[in-house]
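**Student:** 3D, please:
(one chain, ligands or ions: 1)
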Amino acid sequence: MSKGAKKPGLSVDRRQLLSMGAAVGAAGLAASKGISQSAAQTSGFPTVQVAQLSDLAVGAEIEFDYPDADSPAVLLRLDGPVEGGIGPDQTIVAYSRLCTHKGCPVNYNAAHRMLICPCHWSSFDPAKKGRMIIGQASQGLPQITLRLTNGAVEAVGVEGLIYGRQQNIL
Ligand code: FES
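**Tutor:** This next block holds a predicted model:
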């Protein structure tokens with residue numbers, strides 16, 4: 001076989017190799033995107049028991065850490081249903097306390113029914129999925145995904161990215 005006959009054969013092999021590499025790369029990218037999207041919800045998150053439903057009167061406020069000790073959160077039982085809320089009337093919700101502006105821990109102000117940041121006074125509405133109402137922040141508070149299991153309120157995930165993190169699970 002002459003040199004001229006070998007070159008086309010090698011050329012096809014290289015194209016096939018490059019094509020396979022591109023396909024593998026695309027599959028890897030899609031897989032990694034799928035993993036990061038599900039991680040933003042409940043995949044990979046710990047299950048943490050926060051309270052007993054029977055102990056949560058309307059107006060209850062419980063501070064806890066989730067998904068780890070460096071991430072303060074707050075659970076509230078409001079007097080009306082909330083999107084993503086759980087319990088008999090969907091009134092139990094929880095949010096990250098780390099302000100989305102610069103990370104100061106927000107506090108619940110029952111009189112104003114707002115989660116308010118003491119640093120620059122951004123206010124977030126817990127009855128509207130933690131939406132920012134006024135202030136310096138650019139987005140709402142991440143909502144902690146809750147689940148009711150045999151009367152226990154459990155934290156099982158986070159919707160939204162916790163301030164200062166590139167991923168919620170470190
Ligand atoms: S850190 Fe909360 S408003 Fe600035």
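
**Student:** going forward, measure contacts between C-alpha atoms and count neighbours the same way
**Tutor:** Noted.

**Student:** neighbours of Ala57, just the number please.
**Tutor:** 13 (other Cα atoms under 10 Å).

**Student:** any idea how far the closest residue in space to Pro46 that isn't next to it in sequence is from His112?
**Tutor:** Spatial nearest neighbour of Pro46, chain neighbours left out: Val156 (6.0 Å); criterion: Cα to Cα, 6 or more residues apart in numbering. Going from Val156 to His112 by Cα to Cα, to the nearest Å gives 28 Å.

**Student:** that older thread, what about the residue nearest to Pro46, how many neighbours?
**Tutor:** Per other Cα under 10 Å, the neighbour tally for Val156 reads 20.

**Student:** repeat for Asp68
**Tutor:** When neighbours are defined as other Cα under 10 Å, Asp68 has 15 of them.

**Student:** next: Tyr95.
**Tutor:** 26.

**Student:** for it, name its beta-bridge partners.
**Tutor:** Tyr95 forms beta bridges with Val74, Gln143, as assigned by DSSP bridges.

**Student:** what's the domain layout of the protein?
**Tutor:** 1-39, 48-159 (automatic domain parsing).

**Student:** helices along this protein, start to end?
**Tutor:** For the chain, the helices defined by DSSP state H occupy 3-39.

**Student:** in contact with the residue nearest to Pro46, which residues?
**Tutor:** Thr42, Phe45, Pro46, Thr47, Val48, Ile144, Thr145, Leu146, Arg147 (Cα atoms under 8 Å, 6 or more residues apart in numbering).

**Student:** ok, these vs Gly160, which is closest?
**Tutor:** Closest approach to Gly160 among the contacts of Val156 (Cα to Cα): Ile144, at 8.7 Å.

**Student:** which residues of this protein lie near the ligand?
**Tutor:** Cys99, His101, Lys102, Gly103, Cys104, Cys117, Cys119, His120, Trp121, Ser122, Gln136, Ala137 (Cα under 6 Å from any ligand atom).

**Student:** among the residues you listed, which one has the most neighbours?
**Tutor:** The member of the residues of the chain next to the ligand surrounded by the most neighbours (other Cα under 10 Å) is Cys99, with 32 neighbours in all.

**Student:** so that one sits right up against Gly164, yeah?
**Tutor:** No: between Cys99 and Gly164 there is no contact under Cα atoms under 8 Å: 9.8 Å.

**Student:** one step back: among the contacts of Val156, which lie within strands?
**Tutor:** The members of the contacts of Val156 that map onto strands under DSSP state E are Val48, Ile144, Thr145, Leu146, Arg147.
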